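J.: for reference, the sequence and a predicted model appear below.
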Amino acid sequence: MTTETLVRELRAELADGGLRGSFLVRDLASGQELGIEPDRVFPIASVVKVPLAAVTLERIRRGELDGAARLEVEPGGVTTPGPIGLTRFRHPARVAVDDLVYLSTSLSDGAAADALFGLTPPAEVGRMLDEWGVHGIAVRHPMSDLVDTPAERFGSGDVDLAHSLAIGAGTEGQGHRLAQLDVTRANAASARALLDLLQALWTPSKIDPSVAADVRDLMGHNVLRHRLTPDFASDAAKWSSKTGTLLNLRHEAGVVEHADGRAYGVVALTESRVPAVVQPEAEVLMSRVARQLRDHLRAA
């Protein structure tokens, strides 16, 4: 099958499944890549925790932060998104900065991430990315901003209405009535920009190698493995990644490292036109599309 035919068929599959996405797969050694709308920008939700972790660890390396310093973290409650970690605590906790990085990245703990944003504001994260030569990732707000959506205002039986609003209130220029879904106001990036960050972490030049190794380890211990993991992890392949989810957005960015030494960066950013919270078929579809792009690139 030609590359053009494959991409056309995968676009059709995504459309039939109610998805639109920005996909990119890259051979990290050769730089060869294959994608679908790889430069389309999406709000990235929790994927922003990867650059947050990298910048925090770099500041620790420089001596600007103390990884052993303990911060008082208030319980997350409903003010910070996430079903696990400090977000679910009912009492204040004292947690070391190093451990907050682990909770934020490997467990996608929003309360831990916001504690880190308190040390390194979004603008500083963006400045450091530019210093590393990683462009196109806009870091504008903490994780707590992600819970101020209609999903938190409707009752549990009406969450589909929030998804309907998310689907229908956007503009052709990717503006949106909801700030969290507006690419000019949200934390946002394209698949290409995120893959450039993965490239910088897996083949570091400007990023300190020890910092890059620590971020790779954190992503390798990601506990949220329901999305792309089934198509990329095996006894002969290691999958390291970070997911992101908000209303009708489902994302994952990661690297698959094969036993033969080849490594591929994979980014899948998707938005659904189906007004439903639980969509396992969307997870399966986006994973299958990403896998077919990787398989085609590997066989080229």
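T.: Right, received. Where do you want to start?
J.: quick one: Gly63 from Pro51, how far?
T.: 20 Å (C-beta to C-beta, to the nearest Å). For glycine as for every other residue, the C-beta is placed from the backbone atoms N, C-alpha and C.
J.: which of the two has more neighbours?
T.: Neighbour count, other C-beta atoms under 10 Å: between Gly63 and Pro51, Pro51 has more, with 25 against 7.
J.: contact partners for that one?
T.: 125, 128-129, 134, 137, 139, 197 (C-beta atoms under 8 Å, 6 or more residues apart in numbering).
J.: SS state for it?
T.: helix (DSSP: H, G, I helix; E, B strand; the rest coil).
J.: which residues touch Leu197?
T.: Applying C-beta under 8 Å, 6+ apart, the residues near Leu197 are 50-51, 54, 129, 134, 137, 253.
J.: tell me how far the most centrally placed residue in the chain lies from Val255.
T.: The chain has Val47 as the residue nearest its centroid, 2.2 Å off, counting by C-alpha atoms, centre = their mean. Note on Val47: its distance to Val255, by C-beta to C-beta, is 14 Å.
J.: can you map out the strands along the stretch 151-300 of the chain?
T.: Along the stretch 151-300 of the chain, the stretches classed as strands by DSSP state E, counting those that start in this stretch are 188-190, 237-246, 249-258, 263-272.
J.: and for the stretch 1-150 of the chain?
T.: 19-27, 33-36, 41-43, 70-73, 93-96.
J.: before we move on, the earlier item: select, out of the strands of the stretch 151-300 of the chain, the one closest to Ala111.
T.: Proximity to Ala111, assessed across those by C-beta to C-beta, is greatest for strand 237-246 (16.3 Å).
J.: any buried residues in stretch 199-219, and which?
T.: Within stretch 199-219, the residues scored as buried using 16 or more other C-beta atoms under 10 Å are 199-202, 204, 207, 211-212, 214-216, 218-219.
J.: who touches Arg20 in this structure?
T.: 14, 37, 270-271, 273.
J.: just those now: which is nearest Leu24?
T.: Closest to Leu24, out of all of those and judged by C-beta to C-beta, is Glu37, at 9.0 Å.
J.: state the distance from the closest residue to that closest one other than its chain neighbours to Leu195.
T.: Distances taken as C-beta to C-beta, 6 or more residues apart in numbering place Ser22 nearest to Glu37, at 4.9 Å, with adjacent residues excluded. Ser22 is 10 Å from Leu195, where distance means C-beta to C-beta.
J.: so what sits against both of the two?
T.: In contact with both Ser22 and Leu195: 38, 267, using C-beta under 8 Å, 6+ apart.
J.: ok so, going back, mind putting the contacts of Pro51 into TSV with distance to Tyr102 and pLDDT?
T.: What follows is the contacts of Pro51, written out as TSV (distance: C-beta to C-beta, whole Å; pLDDT from 0 to 100):
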residue	distance to Tyr102	pLDDT
Val125	18	98
Met128	20	98
Leu129	21	98
Val134	22	97
Ile137	22	98
Val139	20	98
Leu197	19	98
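J.: take the residues you listed and write them to TSV, including distance to Arg8.
T.: Conversion of the contacts of Pro51 to TSV gives the following (distance: C-beta to C-beta, whole Å):
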residue	distance to Arg8
Val125	37
Met128	39
Leu129	34
Val134	31
Ile137	29
Val139	34
Leu197	29
